[in-house]
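Colleague: show me the folded form of this:
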Amino acid sequence: MSDQIEIRIDGKKLTPEKFLDGVKEFLALTQGVAKNVTSTPISWLVEVDKGSAIVRMRAANPSRESEKSIDAVCQGIRSLRNGSKAMPNGFTRKEVSSAKILAELVDGEEVQSISIRNGGSPEDLPKSVVQIADTILAGQSHIAFGSLEGDIVSLTARHGFCCIIYDPIQRREITCYLPKEDVQKEAVKGYTKRVLAGGLIHYAKEGYAVSITVDTIRIFPPDSELPAIEDVQRIYKLYR
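Modeller: Down below sits the predicted model:
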């Protein structure tokens, strides 16, 4: 179980101002994601490696909740670095803004590179993240709880378990983040089928859904199992 996450800031002429700016946004990013993905407050300890530009946050009482938070930070950074324009799971505008500020610090001189790791391979924060973050921040207008209907057209566990629902009305693909194991199992069962996904929806400024962090999935029966129009009319006549 990973109970720590750290940031490394490398540079030939790293100034105290740049170092403190990076640490500040790293702390805000980690604490913000933790609040977004868990229901139990996490107590963090801050550690600094002697003689290095590495700052570490460690869960005082490691748990599944703290591990979930730490993994969400790294998966979100990976998603931004890979150019995904969907809001990362566990992130809001605040966390995307923090990631953008961190990426902006990389100038090739004072700061040559910034990376975040949770014990595994480091997740680099290159300058390209700034443009991706700007796209997300410009396109995301608001969030709200609700439900979306459509066909599950793909599944992946590469950057955290998620699926794609195709909305035939809007003719758009919607990224669905699936943090819960029971929801992941339902998504697998519902692959290629029509489903109703409920959870926290991120909307673009134009009003259409961009992504959803799913709490529940309901699988609709196939058309062959639905009553025909004649059956509905027959039932209606019985109860008139």
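Colleague: in the protein, where is pLDDT below threshold?
Modeller: Residues of the chain meeting the criterion pLDDT under 70: 1, 51, 140-141, 158-159, 206, 223-233, 235-240.
Colleague: assign the residue nearest the centre of it to helix, strand or coil.
Modeller: With distances taken as CA atoms, centre = their mean, the residue of the chain nearest its centroid is residue 89 (1.3 Å). Under DSSP: H, G, I helix; E, B strand; the rest coil, residue 89 falls in the coil class.
Colleague: please name the residues that touch it.
Modeller: By CB atoms under 8 Å, 6 or more residues apart in numbering, the contact list for residue 89 reads 37, 72, 75-76, 160, 162, 177, 179, 213. Heads up, the C-betas are built off the backbone N, CA and C, glycines and all.
Colleague: roughly how far does it sit from residue 162?
Modeller: Computed as CB to CB, to the nearest Å, the residue 89 to residue 162 distance reads 7 Å.
Colleague: intersection of neighbour lists for these two?
Modeller: residue 177.
Colleague: just the element for residue 22, please.
Modeller: Assigned by DSSP states H and E, residue 22 belongs to helix 16-37.
Colleague: which residues touch that helix?
Modeller: For helix 16-37, using CB under 8 Å, 6+ apart, the contacting residues are 5, 7, 9, 11, 42, 44, 46, 53, 55, 57, 65-66, 68-70, 72-73, 76, 89-92, 94-95, 98-99, 101-102, 105, 110-111, 114, 116, 179.
Colleague: check the offset of the longest strand along the chain from the chain's centre.
Modeller: With DSSP state E setting the assignment, residue counts place strand 140-156 as the longest strand in the chain. Centroid separation between strand 140-156 and its chain, computed with CA atoms, centre = their mean, to the nearest Å, is 13 Å.
Colleague: one step back: and the gap between the residue nearest to the residue nearest to the centre of the chain when sequence neighbours are not counted and residue 201?
Modeller: Distances taken as CB to CB, 6 or more residues apart in numbering put residue 177 closest to residue 89, at 3.7 Å, once the chain neighbours are dropped. Taking CB to CB as the criterion, residue 177 is separated from residue 201 by 11 Å.
Colleague: same question for residue 19.
Modeller: The value you get for residue 19 to residue 201, if CB to CB is used, is 38 Å.
Colleague: of the two, who's got more company?
Modeller: residue 201 (21 against 17; other CB atoms under 10 Å).
Colleague: that's a strand at the more buried one, yeah?
Modeller: Yes: the assignment for residue 201 by three-state DSSP puts it in a strand.
Colleague: show me the contacts for it.
Modeller: For residue 201, counting by CB under 8 Å, 6+ apart, the contacting residues are 143-146, 148, 209, 211-212.
Colleague: would you map the strands across this protein?
Modeller: 4-10, 44-48, 54-59, 113-117, 123-124, 140-156, 162-167, 172-177, 194-204, 209-219.
Colleague: okay, now residue 202: neighbour count?
Modeller: 24.
Colleague: next: the one 3 residues further on.
Modeller: The local packing count at residue 205 equals 11, with neighbours defined by other CB under 10 Å.
Colleague: got it, and the one 5 residues further on?
Modeller: For residue 210, the number of neighbouring residues by other CB under 10 Å comes to 22.
Colleague: against residue 12, how distant is the closest residue to residue 167 other than its chain neighbours?
Modeller: The shortest distance from residue 167 to any non-neighbouring residue, by CB to CB, 6+ apart, is to residue 150 (4.4 Å). Separation of residue 150 from residue 12 (CB to CB): 51 Å.
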